[in-house]
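Q: Model the structure of this input:
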Amino acid sequence: MSVVISGATGGVGLSVSNIYASKGYSLILLGRDKDKLNRLCIKIKKKYNVASESYVCDMENDSTVHACIQKISALTDTIELLINIA
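A: Now for the predicted structure:
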């Protein structure tokens, strides 16, 4: 099952990412900082052994949001949950 989490790299988003990873969900993480996203994906994969993808996405910018939607659509047919923290 896939969960998309925006604002995944800090604060509440980081906590939520860890909670869903610990429950075995595959994560699609969104945020503005590519390096933080990459580090989080690596950490989650190692700690929880779940699939984790990340995309840079500024939720205030319509064109980056649209691009993110396109990438996620190509990755999976089904998203069980969208958690928009950004």
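
Q: so where do the strands sit in this protein?
A: For the chain, the strands defined by DSSP state E cover 2-6, 26-31, 52-56, 81-84.

Q: Next, name the residue at the spatial heart of the chain.
A: Central residue of the chain (Cα atoms, centre = their mean): residue 29, 1.0 Å from the mean position.

Q: Let's see the pLDDT reported for the nearest residue to that residue once chain neighbours are set aside.
A: Nearest residue to residue 29, sequence neighbours excluded (Cβ to Cβ, 6 or more residues apart in numbering): residue 8, at 3.9 Å. C-beta: built from backbone N, CA, C; applies to glycine. Looking at residue 8, its pLDDT is 92.

Q: For the residue nearest to the centre of the chain, list each beta-bridge partner.
A: Beta bridges link residue 29 to residue 5, residue 54, judged by DSSP bridges.

Q: Out of the strands of the chain, which gets nearest to residue 70?
A: strand 52-56 (10.1 Å; Cβ to Cβ).
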